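Undergrad: Coordinates only, no sequence provided:
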């Protein structure tokens, strides 16, 4: 069997609590560190981070090891 290298996935969400409930109850993820605007989840050994999408912000990709990571940033 081929094993998947652990990954980090950041997902912007409009309703942080409702989305966390889905990942925890339906997908069985375990909640880790958190703040008012983000929550880390253990998704079968992988890290999923839910970020509260704040109004008037846009998403952009930040290059990291040839991969774009979506982040929220202030709209200009």
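TA: Yep, that arrived. This is a predicted model, so every value here is computed, not measured. Residues are numbered from 1 along each chain as shown.
Undergrad: residue ranges with poor pLDDT in the protein?
TA: Counting by pLDDT under 70, the chain has low-confidence residues at 1, 56-76.
Undergrad: And the helices in it?
TA: Along the chain, the segments classed as helices by DSSP state H run 16-21.
Undergrad: Now do the same contact list for the residue lying closest to residue 4 once chain neighbours are set aside.
TA: Closest residue to residue 4 apart from its sequence neighbours, by C-beta to C-beta, 6 or more residues apart in numbering: residue 46 at 7.7 Å. Any C-beta I mention is one placed from the backbone N, CA and C, and that applies to glycine too. Residues in contact with residue 46 (C-beta atoms under 8 Å, 6 or more residues apart in numbering) are 4, 6, 7, 8, 9.
Undergrad: In space, what's closest to the second one - neighbours in sequence excluded?
TA: Read that as residue 6. Residue 6 sits nearest to residue 46 (C-beta to C-beta, 6+ apart), 5.4 Å away.
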